[in-house]
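# the following comprises the amino acid sequence and a computationally predicted model.
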There are 2 protein chains.
Amino acid sequence: MSAQARGTAPGPDAPSSGPDGVVALLWRGPAPARRGPKPRFSVDAVVAAATEIADEHGLDAVTMQSVAARLGTTKMALYRYVPGRVELDALLLDTALGAAPPVTAGADWRAALTGWAGSVHARALERPWAVELAQRPHVPGPVELAWYEAGLAALTDLPLSGAEKLDTLALLVGHVMANVRQQSRGASPESDLAAGLAPVLAEHSHDYPRTVAAFADAEPGGRDDALRFGIERVVAGVAALAAARR
Amino acid sequence: MSAQARGTAPGPDAPSSGPDGVVALLWRGPAPARRGPKPRFSVDAVVAAATEIADEHGLDAVTMQSVAARLGTTKMALYRYVPGRVELDALLLDTALGAAPPVTAGADWRAALTGWAGSVHARALERPWAVELAQRPHVPGPVELAWYEAGLAALTDLPLSGAEKLDTLALLVGHVMANVRQQSRGASPESDLAAGLAPVLAEHSHDYPRTVAAFADAEPGGRDDALRFGIERVVAGVAALAAARR
DNA sequence: GATTTATTGCGTCTGAGGGACACAGTAAGT
DNA sequence: ACTTACTGTGTCCCTCAGACGCAATAAATC
C-alpha cells in the first residue's frame, strides 16, 4: 500500500503525478540518499524561485519557463523536482502562508478568534496571489492544516460540534480572502473597471435604487471597516448560538 | 462621453476590447441597424453555445474553438461578436445566474435574507462553473446587480449603513459559493484528493489533534448543514448588531 | 439600377504555455 | 572496473488566445 508507483508511471522519475504525488510532496521528508549524481537544486529551491516571481510579478508570471530562468536552468530540468504545474501551485500555496500563529487558547475566545482572522488577513495581504491559489480546489498542506489547528484552538471551549467549528473558520477565511482581493485590486490597473461601470449604473439608477444608494453611502468608510464588520458579525453570530445552547 | 472608440482601437470591428468593451457588451441594447451583410449569429447565440458547453463539460471545455464548433463555424468568426475570452466570461457569468428572485421586502427580514441566500445557493448549484467565474475579479453585469438589489431589499429596514448592507450580502455570497464548491466537487474525481490526505493526516495526527477530532466529529452532518450553519450565523450576527443599535 | 463602402466570414500565422520522450553524462554501489 | 540508477536537457507536440488581411456581401447613396 505504498503511495508510490502508479499503474502507468513512466519510471522512477519525479515523485509521480496524480493525487498521491501532491500529498507526498507536501509532506515530504528528507531525501533517503539516492544513487546517481547529486541534484543541482531541490524542491524548496524551485518553490522559492517561484515564490519570488509571484511576489514580484504576480501569479500569472509564474511559468515553468520563468522559474527555470530564475534558477539559471531550463524548463524541463524542473520536472525532476516537481511533477507539474499543479503540484508546484500546491507547494507554492502551502509555503506562502508562512508559519501558523501561536495557539492562543484559553482567555477570551472572541479575542482569540478575531486575532486569528486578523493574522490570516495580514499574511494573505502580503501575498495576494496566495488567495487565488487558496480559492481553487486543493489539498491542504501541513502549514494550512496548522493554521486551522490554531483556529480550532480558539474555539475549544465553545459548545459547537467539530463540523460547526470548521464551518466557522471557513466562513472567516472566506470573508478575509474576499477582502484581500478587494484591497489588493485597489492598487492595480483594474480598479478603473468599476469606474467604467459608474456611468452605466448612474444611467440605469432607477433599476437599482437600493444598490445605488448603498454605494453612495459607502464612500466614507475605508475597506478596513468591511473586514472588521464581517469578522465581528460572524463572531457575534457564533456567540449567539453559544449563548442559546447554554 | 460615448463608451465607444478607444484610442488604439483597431477599427470598427467588435465592440472594442478594454474595460469599456465589456461594460458595453453587458448592457448592450438592440443593434442600431448596420450596413453590411446580416450577421449569421448574435452575441446571445455565442453565449448560449458557451453556456451549453460549460454545463455539459465544465468551464475548462469552453474555448473559442469549442464554442465555434458548436455553432458550426470557425474560431475567428466569434471575434466578430465578442472581443475576446475575458468578455465572453463576463457574459457567461451574467447570464448563468439567471433572473434575480422577486424582491420580498417587508415581512421578516431574517426570513427574507435567508431565502435570498438560499436562492443564490440554488442557482449556483445548478451552474457550479459560474462560481468560479464569480470569484475572479469582474465587472458586475445587470443581472448580478439585480441580485444585489433584491438582497438589499431584504435589509431595507435595518439600521445598517449602505456599506454594511453590502458587506453582509458579500459575506453571505462568499459563504454560499464556498459551499457550492464543496458540494459540486463531491461528485467529481477530485474527491479522492481528500482521501489521499486521510492516511497522512492519521499519521501526523499528534500534530493536529483538534483538526483530526473536528473531522472525525464532522462525519454525520451532511453538507447542507454547513450551508445553513453559515447563513444562520451571519443572520444572527447582523441581528445582534441591529438589536444593539436600537 | 449602378456604385460606393461599411461590415461580415474566415484562413493563415504567431507566440505562450504545459508537458512527453529520449539520450547522454555521472556517480554510487557491487 | 563495471553496472546501474539517476540527473540534465534538447527536441517535439498539443492546445489556446489572438493579430492581420482579404474576399464576399448588402445597405446606403447617387
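Received it, and whenever you're ready, just let me know what you need.
# where do the strands sit along chain A?
Using DSSP state E, no strands are found in chain A.
# got the residues of it near DNA strand C?
Within reach of DNA strand C by CB under 7 Å from any atom of the strand, chain A has these residues: A:10, A:17, A:33, A:35-38, A:62-66, A:75-76, A:79, A:84-86. The C-beta positions use only the backbone N, C-alpha and C, and glycine is treated the same way.
# excluding chain neighbours, what is closest to the spatially most central residue of chain A?
Of all residues in chain A, the one closest to the mean position by CA atoms, centre = their mean is residue A:134, 3.5 Å from it. Nearest residue to residue A:134, sequence neighbours excluded (CB to CB, 6 or more residues apart in numbering or on different chains): residue A:93, at 6.0 Å.
# for the one you found, grab the count of nearby residues.
As a burial measure, residue A:93 scores 24 neighbours (other CB atoms under 10 Å in any protein chain shown).
# residues contacting it?
For residue A:93, the contacting residues are A:130, A:133, A:134, A:138, A:141, A:144, by CB atoms under 8 Å, 6 or more residues apart in numbering or on different chains.
# repeat for residue A:26
A:90, A:91, A:94, A:139, A:141, A:142.
# closest to DNA strand D among the residues you listed?
DNA strand D lies nearest to residue A:91 out of the contacts of residue A:26, by CB to the nearest atom of the strand, at 16.8 Å.
# now the closest residue in space to residue A:235 that isn't next to it in sequence: how far from DNA strand C?
Distances taken as CB to CB, 6+ apart put residue A:110 closest to residue A:235, at 5.4 Å, once the chain neighbours are dropped. Residue A:110 sits 43 Å away from DNA strand C, going by CB to the nearest atom of the strand, to the nearest Å.
# tell me the confidence at residue A:110?
On pLDDT, residue A:110 comes in at 95.
# and residue A:97, how many residues sit next to it?
Around residue A:97 there are 20 residues (other CB under 10 Å).
# likewise for residue A:81?
Around residue A:81 there are 22 other residues, counting by other CB under 10 Å.
# please apply the same query to residue A:156.
14.
# stretch A:76-84 vs chain B: in contact?
No. Contact of stretch A:76-84 with chain B is not found when judged by CB under 8 Å from any CB of the partner chain; the minimum separation is 13.9 Å.
# got the end-to-end distance for that stretch?
10 Å (CA to CA, to the nearest Å).
# is DNA strand D within reach of it?
Yes. On the criterion CB under 7 Å from any atom of the strand, stretch A:76-84 is in touch with DNA strand D at A:76, A:77, A:79, A:80.
# over to stretch A:51-60?
No. Figure legend: stretch A:51-60 not in contact with DNA strand D (CB under 7 Å from any atom of the strand); closest approach 12.7 Å.
# now that stretch: average pLDDT?
Across stretch A:51-60, the per-residue pLDDT values average to 96.
# near DNA strand D, which residues of chain A show up?
So far as CB under 7 Å from any atom of the strand goes, chain A lies against DNA strand D at A:12-13, A:34-41, A:73-74, A:76-77, A:79-80.
# of all the residues you listed, which two lie farthest apart?
Using CB to CB, the residues of chain A next to DNA strand D span at most 23.4 Å, a distance reached by A:35 and A:74.
# if you count what's nearby, which of those two comes out ahead?
Using other CB under 10 Å as the criterion, residue A:35 and residue A:74 rank with residue A:74 on top: 11 against 4.
# go ahead and confirm the more buried one touches residue A:68.
Yes. The criterion here is CB atoms under 8 Å, and residue A:74 meets it with residue A:68 at 5.4 Å.
# from chain B, how far off is the residue nearest to the centre of chain A?
11 Å (CB to the nearest CB, to the nearest Å).
# wait, what's in contact with that residue?
Residue A:134 neighbours (CB under 8 Å, 6+ apart): A:93, A:124, A:144, A:173, A:177.
# okay, the residues you listed in CSV with pLDDT next?
Formatted as CSV, the contacts of residue A:134 follow (pLDDT from 0 to 100):
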residue, pLDDT
A:93, 96
A:124, 96
A:144, 95
A:173, 96
A:177, 94
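# with these in mind, which one is nearest to DNA strand C?
The closest of the contacts of residue A:134 to DNA strand C turns out to be residue A:93 (CB to the nearest atom of the strand; 14.9 Å).
# where's the closest residue to residue A:89 other than its chain neighbours relative to residue B:89, distance?
What sits nearest to residue A:89 in space, not counting adjacent residues and going by CB to CB, 6+ apart, is residue A:133, at 5.6 Å. Using CB to CB, to the nearest Å, residue A:133 is found at 19 Å from residue B:89.
# now do residue A:205
26 Å.
# what is the orientation angle of the longest helix seen in chain A with helix B:162-186?
Ranked by residue count, the top helix of chain A under DSSP state H comes out as helix A:162-186. Helix A:162-186 and helix B:162-186 are oriented at 120 degrees to each other (axes from the mean of the first three to the mean of the last three CA atoms, to 10 degrees).
# contacts only, for residue A:98.
With CB under 8 Å, 6+ apart, residue A:98 has these contacts: A:123, A:143.
# what about stretch A:92-101, how long is it end to end?
Counting by CA to CA, the terminal residues of stretch A:92-101 are separated by 19 Å.
# tell me the gap between it and the middle of its chain.
Averaging C-alpha positions (CA atoms, centre = their mean, to the nearest Å) puts stretch A:92-101 8 Å from its chain's average.
# still on that earlier bit, of residue A:205 and residue B:89, which one has the most company?
Taking other CB under 10 Å, residue A:205 and residue B:89 do not tie; residue B:89 has more neighbours (19 against 13).
# ok, that one touching residue B:135?
No. Taking contacts as CB under 8 Å, residue B:89 lies outside contact range of residue B:135: 11.9 Å.
# find the residue closest to residue A:61 in space, skipping its chain neighbours.
Using CB to CB, 6+ apart and skipping the chain neighbours, the partner closest in space to residue A:61 is residue A:53 (5.4 Å).
# and the one you found, how many residues sit next to it?
21.
# can you give me the helices in chain A?
Assigned by DSSP H, the helices in chain A fall at A:18-26, A:43-57, A:64-71, A:75-78, A:85-96, A:109-126, A:128-134, A:142-154, A:162-186, A:191-203, A:209-218, A:223-245.
# nearest to residue B:227, of the ones you listed?
Minimum separation from residue B:227 across the helices of chain A (CB to CB) falls at helix A:162-186, 9.0 Å.
# other SSEs contacting that closest one?
helix A:109-126, helix A:128-134, helix A:142-154, helix A:223-245, helix B:162-186, helix B:209-218, helix B:223-245 (3 or more CB pairs under 8 Å, 6 or more residues apart in numbering or on different chains; DSSP states H and E).
# how far off centre is it?
Worked out by CA atoms, centre = their mean, helix A:162-186 lies 10 Å from the chain centre.
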